[in-house]
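**Student:** The following block contains a protein sequence and its predicted model.
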Amino acid sequence: MTHPMQRITITVDDDLADTLDALVGADGWANRSEAVRDLCREGLARRRAEADDAAPCVGVLSYVYDHDRRDLARTLTHAHHDHHHQSLSTLHLHLDPQACLEVSVLKGPVGEIRRIADRITAERGVRYGQLRLLMLEEPAGDG
């Protein structure tokens, strides 16, 4: 489904224009307009996630943990089971004899996904935790 487009004009200084042009070339956008649209969407989604704990999202939680830490793997598994409705999938990789990487896909309200991520990354022996939120569109016709 295509959406109607509006033409807008913005003014930026030469340094910002040069930086934008470099991004367009490096990141594969066809032109400045595509880049600005994507950057605007990303910024607006981030603001929405910060402002609305009830907004629907998918969270991608990545973390490295110490495989040898006593009961940590079991504790992490229980954390996912405790939130089985939000936990869609987890990928587990062995990085070396001591370190494991897990990438978990979670779905639900922003606030709830942040709480799950905080619980997991706060466990002793978990390091390098990072949550990336991908905002979902609100269902149409609710208003």
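**Tutor:** Received the coordinates, thanks.
**Student:** buried ones in the least confident helix or strand in the chain by mean pLDDT?
**Tutor:** Lowest by mean pLDDT, DSSP states H and E among the helices and strands of the chain is helix 32-51, with a mean of 81. Using 16 or more other CB atoms under 10 Å as the test for burial, helix 32-51 gives 35-36, 45, 49. Glycine gets a C-beta too; all of them are placed from N, C-alpha and C.
**Student:** Then stretch 74-90?
**Tutor:** 75-76, 79-80, 83, 86-87.
**Student:** And stretch 100-111, by the same measure?
**Tutor:** 100, 102, 104, 106-108, 110.
**Student:** quick check: domain ranges of this structure?
**Tutor:** 14-51, 56-135 (automatic domain parsing).
**Student:** and these, which one is worst for confidence?
**Tutor:** Mean pLDDT per stretch puts domain 14-51 lowest among those, at a mean of 83.
**Student:** circling back: which of the buried residues of stretch 74-90 fall in helices?
**Tutor:** Using DSSP state H, 75-76, 79-80 are the members of these that sit in helices.
**Student:** those strands in this structure, which residues are they?
**Tutor:** Ranges of strands in the chain, per DSSP state E, are 56-66, 87-94, 99-109, 126-135.
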